[in-house]
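Asker: Structural data only, the sequence is not supplied:
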DNA sequence: GTCTATACCCAGATAGAC
DNA sequence: GTCTATCTGGGTATAGAC
């Protein structure tokens, strides 16, 4: 993969990010070296620093980009008016979005320990924003009497944890289609929330 | 914490393990050095190798010990005859056992990437054994007609993921007691499994 | 923008004195 | 069983030539 020489600013920048994402997901942030990333990209380690200030910032920006895209995509989506439909929409959206980018999801959950304090706080803030939408739906449903759960905060966490678990086992080549998985989980979530 | 000199085989061995467990949970396996472990224990790095062959084996043995204790504890527990009671027993046991040793749980899930192929296979085998008990209960319940789930394998994973999520937020000092958390989750699980 | 070279530091693991 | 000392390799990041 050795590069002779030359200027490739449009290509190298994005390639560093996708390569780092993939390597961090496979081996973990701390276990991946800058030399390793550079090697896969096809440049020398020093060249990476034309694009990123340091390794920590690279990790943070990958996580931040992922969460911002999540919020952005969610925000521009048309939402059903009915509360039950809204929960179904959230569940199906969550599964689809997260299964489509397993590496980013994995990093965003597993590498929180490796963020500096400030960066950690920023990422947690974005995640909280996302989860608050789900909690709002659940609270509305409780007020309307269609859900029966004693604590919407806990129910929110339970739903998110259950859905995130899919990423640990789902494979495109598996025996169930994405649509089937969505439906199975949607039913479990609906029932768990005490919907009749 | 410098140790002058002398022999402490009964103390040092266990201390290495508890210290490593704690440091790995906090910073991640790859980010913790042998010198760091030795420093906290109060010995020089070289002395660690009187107790462990290498860092990889240390990680593996910590995970293995955790899972063996899980299986052991579970095996020697009296099980209710009724299927619904059995599921409730599993849920409450799982929550209690895992909340009691958050560091070991965290490592056993987060550091799988850092195991060699053989060690990974051994750990996954132990985990599968544990989860198979839950799946057996669910399958029995479906046959008896008290649960209504289309796929017991997926339901098993969903329940485990939901319960494991508790470890990411539960604190002894929080607003809910362990008993309350258990009951809330037990109800969500029961309903998710389609129990009337 | 990328290269080569390097500063500086720390990693895992071992050898041999005590 | 622990220490000190050390081997060997690799880490992040920077400097300066092209």
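Answerer: All right, it came through fine. Note that the structure is predicted; figures quoted are calculated from it, not measured.
Asker: hey, let's count contacts and neighbours off CA atoms from now on
Answerer: OK.
Asker: gap between residue A:196 and DNA strand D?
Answerer: 53 Å (CA to the nearest atom of the strand, to the nearest Å).
Asker: That residue reaches residue A:187, doesn't it?
Answerer: No - counting by CA atoms under 8 Å, residue A:187 is not a contact partner of residue A:196; they are 11.3 Å apart.
Asker: out of the two, which sits in the more crowded spot?
Answerer: residue A:187 (19 against 10; other CA atoms under 10 Å in any protein chain shown).
Asker: count of neighbours near the closest residue to that one other than its chain neighbours?
Answerer: Spatial nearest neighbour of residue A:187, chain neighbours left out: residue B:192 (7.6 Å); criterion: CA to CA, 6 or more residues apart in numbering or on different chains. By the measure other CA under 10 Å, the count of residues near residue B:192 is 26.
Asker: what about residue B:192, distance to DNA strand C?
Answerer: 44 Å.
Asker: so who does that residue touch?
Answerer: By CA atoms under 8 Å, 6 or more residues apart in numbering or on different chains, residue B:192 lies in contact with A:187, A:188, A:189, A:190, A:191, A:192, A:193.
Asker: at 10 Å what do you get?
Answerer: A:185-195, B:147-149, B:155, B:158-159, B:186 (CA atoms under 10 Å, 6 or more residues apart in numbering or on different chains).
Asker: Equivalent analysis for residue A:85, please.
Answerer: Contacts of residue A:85 (CA under 10 Å, 6+ apart): A:79, A:91, A:137.
Asker: Get me the contact residues on chain A for DNA strand D.
Answerer: Proximity of chain A to DNA strand D (CA under 7 Å from any atom of the strand) is limited to residues A:32-36, A:45-47, A:49, A:53-56.
Asker: how about a markdown table for those, with pLDDT added?
Answerer: Output for the residues of chain A next to DNA strand D, formatted as a markdown table (pLDDT from 0 to 100):
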| residue | pLDDT |
| --- | --- |
| A:32 | 98 |
| A:33 | 97 |
| A:34 | 97 |
| A:35 | 97 |
| A:36 | 97 |
| A:45 | 96 |
| A:46 | 95 |
| A:47 | 96 |
| A:49 | 97 |
| A:53 | 97 |
| A:54 | 97 |
| A:55 | 98 |
| A:56 | 97 |
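Asker: Those in helices, which ones?
Answerer: A:34, A:35, A:36, A:55, A:56 (DSSP state H).
Asker: Would you list the buried entries among those residues?
Answerer: Buried subset of those (neighbour count, 16 or more other CA atoms under 10 Å in any protein chain shown): residue A:36.
Asker: Out of the ones in helices among the residues of chain A next to DNA strand D, the closest to residue A:173 would be?
Answerer: Nearest to residue A:173, judged by CA to CA, of these is residue A:36 at 29.9 Å.
Asker: returning to that earlier point: can I get the ones in helices among the residues of chain A next to DNA strand D in a markdown table including distance to chain B?
Answerer: Shown next, in a markdown table, are these (distance: CA to the nearest CA, whole Å):
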| residue | distance to chain B |
| --- | --- |
| A:34 | 15 |
| A:35 | 16 |
| A:36 | 15 |
| A:55 | 14 |
| A:56 | 13 |
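Asker: For residue B:61, state which of the ones in helices among the residues of chain A next to DNA strand D is nearest.
Answerer: Among those, and counting by CA to CA, the member closest to residue B:61 is residue A:36, at 28.7 Å.
Asker: Okay then, goodbye and thanks.
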